[in-house]
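Novice: for reference, the sequence and a predicted model appear below.
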Amino acid sequence: MFDWIELEPHQTRTSKVLSRDLEEKRCLIIDRSYTGKTLTHMAEIVRNIGGYPIRLGLFPKSRFAVAGSEYTLFLDKVLESSNMDLDGGEWPIKYYKEILSNS
């Protein structure tokens with residue numbers, strides 16, 4: 001069974017569903033990653049309640065989104081964000097081409 005915390009868009013309210021004690025536990029946070037702010041906010045919540053956040057950004061739209069996560073999903077491949085080269089404006093195209101050429 002999964003636990004999740006959901007942020008309500010454009011609201012300050014947070015919903016906790018099937019909440020358990022996360023003290024000393026790893027917690028995977030998954031979100032569509034436009035700016036990475038939601039992943040950062042959720043990681044802070046998990047840390048504050050004693051857990052260890054691991055962030056997975058889905059289909060990042062900015063280098064900030066990649067930098068704000070430990071892992072990034074491009075197409076059908078999960079990449080370690082810290083190993084990604086984000087220099088230049090064409091980094092997304094580079095990764096899409098690389099992944100598609102290895103398919």
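Specialist: Nice, I can see it.
Novice: ok now do Met84, which residues does it touch?
Specialist: By CB atoms under 8 Å, 6 or more residues apart in numbering, the contact list for Met84 reads 66, 72, 91, 95. Quick note: C-beta positions are derived from backbone N, CA and C, even for glycine.
Novice: need phi/psi at the last one.
Specialist: Put plainly, it is Tyr95. phi -70, psi -40 (degrees, to the nearest 10).
Novice: how near is it to Asn48?
Specialist: 33 Å (CB to CB, to the nearest Å).
Novice: out of those two, which sits in the busier spot?
Specialist: Remark: of Tyr95 and Asn48, Tyr95 carries more neighbours, 20 against 9, as counted by other CB atoms under 10 Å.
Novice: of the contacts of Met84, which is the nearest to Lys25?
Specialist: Lys25 has its nearest neighbour among these in Thr72, at 22.7 Å by CB to CB.
Novice: what are the buried residues along stretch 86-103?
Specialist: Within stretch 86-103, the residues that qualify as buried are 86, 92, 95, counting by 16 or more other CB atoms under 10 Å.
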